[in-house]
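Chemist: my questions concern the predicted model and sequence given below.
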Amino acid sequence: MDRAESQIKAWSLLTLFLLTLAGCSGKTVVESDLNIKGAPDWVNEGTQILKNKNGRLFHGVGSAPAMGSESLQLSTADNRARAEVARVLSSYMNVISNDYLSSAHNSDETISSGAISQQIEAVTKLNLAGAKIVGRWRDPKTNMVYSLAELDKEQINTIVSKTDAMNSSLKEFMQSQSDSIFDRQTGGK
C-alpha cells in the first residue's frame, strides 16, 4: 500500500470514528452541579455551551489544586479550562461536519469526508487560540482554583469568513446553519 492510500485509509478511519463519536454524543452541554457554597454560578454549572444576552458562548471550567506555586496553579487551571472549551467546540464542530456531510450526500455533491474533517479541525485549532480566561475563583476551604475560559461563536464565524482554504460549500453551510446547530445543541435555551 502506498503512502497516499495509507493516508486516505487513516483519514477514513478517523472520520468514521468522529462520526460515530458525534452520533453518540447527543447533547453537548455537560450538566454539573458541584454544590460548592459561595462559588460563582459558573463553577457549579461547569463546562457548557450557552446562549445568553452576551451571545452564543462556549464555556470551559478547569480547576487545579494547590501546587506550591500560585503561578503554576493558575496556569494549570487556565489550561484545563481551555481544554474544556476545546472539548465542547470539537463536539459542536463534529455536529456541523455530520450535518454538512449529510446535506452534501443528499444533494449528490462530490465531497471528501477526509478533506472536510481536515478543514473542520483547522478551523477548530484557529478558534481555540481565541479562547480567553474570563473568570477565576479560589475555594477558601480547599484552596482549589477554578478558571473559566470563554469562546464566542461569533469569533468562529469571523474566522470561517476569512478562511480561503475552506471548501466554499462547507463555508456557506457553516455561515448559514451554525446558529441553528448551536441552538439545537443548547436545547433551544
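Modeler: That came through fine.
Chemist: center of this protein, which residue is that?
Modeler: Leu89 (0.7 Å; CA atoms, centre = their mean).
Chemist: where exactly do the strands run in this structure?
Modeler: 48-52, 55-64, 132-138, 145-152 (DSSP state E).
Chemist: what about the lengthiest helix in the chain, average pLDDT?
Modeler: Ranked by residue count and defined by DSSP state H, the top helix of the chain is helix 70-106. Here helix 70-106 scores 87 as its mean pLDDT.
Chemist: next one: stretch 181-189
Modeler: Regarding stretch 181-189, the rounded mean pLDDT is 77.
Chemist: pull out the buried residues from that stretch.
Modeler: Within stretch 181-189, the residues scored as buried using 16 or more other CB atoms under 10 Å are Ile181, Phe182, Gln185, Thr186. In this view, the C-beta of every residue, glycine as well, is placed from N, C-alpha and C.
Chemist: same question for stretch 140-154.
Modeler: Met144, Val145, Tyr146, Ser147, Leu148, Ala149, Glu150, Leu151, Asp152, Lys153.
Chemist: could I get the residues you listed as a markdown table with pLDDT and distance to Val85?
Modeler: A markdown table is the format used below for those (pLDDT from 0 to 100; distance: CB to CB, whole Å):
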| residue | pLDDT | distance to Val85 |
| --- | --- | --- |
| Met144 | 96 | 19 |
| Val145 | 97 | 17 |
| Tyr146 | 97 | 14 |
| Ser147 | 97 | 11 |
| Leu148 | 97 | 10 |
| Ala149 | 95 | 5 |
| Glu150 | 94 | 7 |
| Leu151 | 92 | 5 |
| Asp152 | 92 | 11 |
| Lys153 | 89 | 12 |
